[in-house]
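Asks: Predicted structure and sequence below. I'll ask about it afterward.
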Amino acid sequence: MKEEIILKERINLLEKEIATLTDQVERMNLLIKEYDDLRDEIKGLKLFLGRSHPEFKSKFPEIMQKIYKKG
């Protein structure tokens with residue numbers, strides 16, 4: 001009898017942990033999707049700027065180096 005109660009408590013705890021992990025995975029999936037969308041948008045902007053302003057292609061690596069040095 002006592003063992004059944006302990007087992008049920010452990011099962012309930014495991015179910016709560018699984019629910020928490022599931023929520024975390026869903027949140028992570030949403031963040032990954034947002035990241036992928038932003039990455040695609042940035043690629044599109046870079047392509048547009050490179051076509052509209054050819055000097056952008058040569059200046060962009062310099063700009064990124066300055067950003068990473070300061071950050």
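Replies: Looks like it came in fine. Fair warning: this is a prediction, and the values are worked out from it, not measured in the lab.

Asks: Against which helices or strands is the longest helix along the chain packed?
Replies: Criterion DSSP state H: the longest helix present in the chain is helix 2-52. Applying 3 or more CB pairs under 8 Å, 6 or more residues apart in numbering; DSSP states H and E, one finds that helix 2-52 makes contact with helix 55-70. C-betas here are computed from N, CA, C, even on glycine.

Asks: could you give the angle of the helix it packs on to helix 2-52?
Replies: 140 degrees (axes from the mean of the first three to the mean of the last three CA atoms, to 10 degrees).

Asks: Just the CA trace of helix 55-70, in PDB.
Replies: Provided in PDB are the C-alpha atoms of helix 55-70 (Å, rounded to 0.1, in the frame of the first residue of the first chain):
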ATOM      1  CA  GLU A  55      30.000  49.100 -52.900                       C
ATOM      2  CA  PHE A  56      28.100  47.400 -50.100                       C
ATOM      3  CA  LYS A  57      29.600  44.000 -50.900                       C
ATOM      4  CA  SER A  58      33.100  45.300 -50.200                       C
ATOM      5  CA  LYS A  59      32.200  47.500 -47.200                       C
ATOM      6  CA  PHE A  60      30.100  44.900 -45.400                       C
ATOM      7  CA  PRO A  61      33.000  42.700 -44.200                       C
ATOM      8  CA  GLU A  62      34.700  45.800 -42.800                       C
ATOM      9  CA  ILE A  63      31.500  46.900 -41.000                       C
ATOM     10  CA  MET A  64      31.100  43.500 -39.400                       C
ATOM     11  CA  GLN A  65      34.700  43.400 -38.300                       C
ATOM     12  CA  LYS A  66      34.200  46.800 -36.500                       C
ATOM     13  CA  ILE A  67      31.000  45.500 -34.900                       C
ATOM     14  CA  TYR A  68      32.600  42.400 -33.500                       C
ATOM     15  CA  LYS A  69      35.700  44.300 -32.300                       C
ATOM     16  CA  LYS A  70      33.500  46.600 -30.200                       C
END
